[in-house]
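Colleague: got a structure for you, letters missing:
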């Protein structure tokens, strides 16, 4: 009887703790989402209005330049920049990462460990510290405020981690499979595309999504290497709202929702691969 | 039988280097070269507004100046304290959450997904979100406290020295705890059942089981999480930049925001690069420390190679 009671108290405590936890995780984001659907007057209302009285898409229309009252911030241009920069840099980083990851997974060579460590160390450099010299060099060769400038930087930013993940996925595929294919007359190149690539495809896709998210979310470098609608990305554009004298909370929240939606969808798609890649890459070495 | 020797790019021993060439070139051009350039600049009096000062060699004067600068040491110390508190809290909360979710059977999958929520947020969004939450006038936190009658005034979360630092640490912990939670949960799932049951049969109490079996088993996962985290600790720059901008009056200035202010706002590139080097060494030290711990833990697990 006593033991049973204790077990019940334990179970209740578990659920209460979990509930508090979920509230802390969810409420701040939920508040931003709710705000995105409010009229601006309701944001400033005292006492606060918790659930929007008449939710509208007005804020979204405003930031995308539809309707009567538009915001002076060119969100569609930022959105296009973000998309172009993130997609291009992801594609390039994946190609480079596949070739590098394959080298690490399938070959033994001199300086292998040193090279791997060097790749990883390049990732430890804080973005803001790296931004200073890149800013100086890019401004000399005309890559400041150009999409290409950011794309190059993001490729370099993503390559080490992409290699790490892809290396792990290739290593899970037994070597014997591609060796068998080569015995049967495939070249190594064919064996790669016919055997190893299809097997590692979902892993490579998740590495790609990870790279996309890094580029999509990056701020420290982008905020210093971009100037205008030519290259500004969404995270940098978000700060446009605060640069003015009054903060447009509703507009800013709408933009935050725009930034988070692609990230949300993509992360749900890969969460399983991501965890597997991170843990097994790390533990089994 | 004179088979012609294949050209070097077709020889087996060069293949891995050829495959790695694009990666190496990219990192050389975007990371190593700029870092060498910034190392050079840190020994010059380079200011953005006077381009000719790039060639003005001043030796270690930038370093002497920042090491004699009270603001630099304050920011440096604050960064160390910030990282220590944040990483420890993230580890503790992450462990707690992982143990909690591991215990729950009904709805575990949903909980796991919700737990990953903060990982999807870019730091800039986390910063914005908490700038909103902690806003003294319209923030949800002050509103909630006032509705519940717990406070009658507007608490200046982002203005007061201690509260502002608390708010920033809260945002950082909110953003990054899930890295720990997820990896530790994966560790718990991978844990063999036998030692646990053996310990129970031998009469260990739950605390002893946790302390001597679960925790040692989880340590490699802790160090993976720490290593991953130490790679991106500087993301805190984004959060601070949005929430307070290092202000008010430098009360939340971290090393990274100080670098940005010195380099871009005050245009003292040489001096900023000297600070940047300190921050780079700091990051490398953190990463190296946890990476060696990870290797040691792996060896202990017998799972190496």
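Modeller: In hand now; what should we look at? What you see is a predicted model, and the numbers here were worked out from it, not measured in a lab.
Colleague: Counting neighbours, what do you get for residue B:48?
Modeller: 17 (other CB atoms under 10 Å in any protein chain shown). Every residue, glycine included, has its C-beta placed from N, CA and C.
Colleague: Leaving out sequence neighbours, find the closest residue to it.
Modeller: residue B:267 (3.9 Å; CB to CB, 6 or more residues apart in numbering or on different chains).
Colleague: So the one you found sits against residue B:49, correct?
Modeller: Yes: Residue B:267 lies in contact with residue B:49 (CB atoms under 8 Å); the separation is 5.3 Å.
Colleague: who's more crowded, those two?
Modeller: Higher neighbour count among residue B:267 and residue B:49: residue B:267, with 14 against 9, using other CB under 10 Å.
Colleague: Tell me the secondary structure at that one.
Modeller: Judged by DSSP: H, G, I helix; E, B strand; the rest coil, the three-state class of residue B:267 is coil.
Colleague: Distance of it relative to chain A?
Modeller: 11 Å (CB to the nearest CB, to the nearest Å).
Colleague: Need the per-residue pLDDT for the nearest residue to residue B:122 once chain neighbours are set aside.
Modeller: Nearest residue to residue B:122 in three dimensions, chain neighbours excluded: residue A:217, at 3.0 Å (CB to CB, 6+ apart). Listed pLDDT for residue A:217 reads 90.
Colleague: circling back: got the confidence number for the residue nearest to residue B:48?
Modeller: 85.
Colleague: cool, the one 3 residues further on as well?
Modeller: We note a pLDDT of 88 for residue B:270 in this prediction.
Colleague: Any idea how many residues pack against it?
Modeller: Neighbours of residue B:270 using other CB under 10 Å come to 25.
Colleague: which ones are touching it?
Modeller: B:41, B:42, B:43, B:44, B:45, B:46, B:47, B:53, B:58, B:62 (CB atoms under 8 Å, 6 or more residues apart in numbering or on different chains).
Colleague: Closest one to chain A out of those, please.
Modeller: residue B:41 (7.0 Å; CB to the nearest CB).
Colleague: and the gap between that closest one and residue B:137?
Modeller: Distance, residue B:41 to residue B:137, using CB to CB, to the nearest Å: 43 Å.
Colleague: So which of the two has more stuff around it?
Modeller: Counted by other CB under 10 Å, residue B:41 and residue B:137 do not tie: residue B:41 has more neighbours, with 24 against 10.
Colleague: So the more buried one versus residue B:176, what's the distance?
Modeller: Applying CB to CB, one obtains 32 Å for the distance of residue B:41 from residue B:176.
Colleague: go on, residue B:112?
Modeller: Taken as CB to CB, the span from residue B:112 to residue B:176 is 17 Å.
Colleague: Between these two, which is the more surrounded one?
Modeller: residue B:176 (27 against 19).
Colleague: now check whichever strand or helix holds the more buried one, is it near chain A?
Modeller: Here residue B:176, judged by DSSP states H and E, is contained in helix B:161-189. Yes: applying CB under 8 Å from any CB of the partner chain, one finds helix B:161-189 touching chain A at B:174, B:182, B:183, B:186, B:187.
Colleague: what about residue 203, which SS state?
Modeller: Went with chain A since none was named. With three-state DSSP as the basis, residue A:203 sits in helix.
Colleague: wrong chain, I was asking about chain B
Modeller: Secondary structure, three-state DSSP: residue B:203 is coil.
Colleague: Repeat that for residue B:144.
Modeller: Per three-state DSSP, residue B:144 ends up helix.
Colleague: and it, how many neighbours does it have?
Modeller: Residues within reach of residue B:144, counting by other CB under 10 Å, total 15.
Colleague: which residues of the chain score low on pLDDT?
Modeller: You didn't say which chain, so I picked chain A. For chain A, residues meeting the criterion pLDDT under 70 lie at A:1-2, A:46-47, A:67-71, A:243-245, A:271-285.
Colleague: think we crossed wires, I meant chain B
Modeller: Applying pLDDT under 70 to chain B flags residues B:1-4, B:8-9, B:300-305.
Colleague: What's the nearest residue in the stretch 201-305 of chain B when you look at chain A?
Modeller: residue B:234 (3.2 Å).
Colleague: Up against chain B, what does the stretch 51-200 of chain A have?
Modeller: Within the stretch 51-200 of chain A, the residues that sit near chain B (CB under 8 Å from any CB) are A:95-97, A:99-100, A:102-104, A:107, A:109, A:112, A:115, A:118-137, A:152-153, A:155-157, A:159-160, A:163.
Colleague: Could you pick out which of those residues are located in helices?
Modeller: A:95-97, A:99-100, A:102-104, A:112, A:115, A:118-122, A:127-137, A:152-153, A:155-157, A:159-160, A:163 (DSSP state H).
Colleague: In ChimeraX, how would I select the buried members of the residues you listed?
Modeller: A single ChimeraX command is used to select the members of those judged buried by 16 or more other CB atoms under 10 Å in any protein chain shown:
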select /A:96,97,99,100,102,103,104,115,119,120,121,122,127,128,129,130,131,132,133,134,135,136,137,152,153,155,156,157,159,160,163
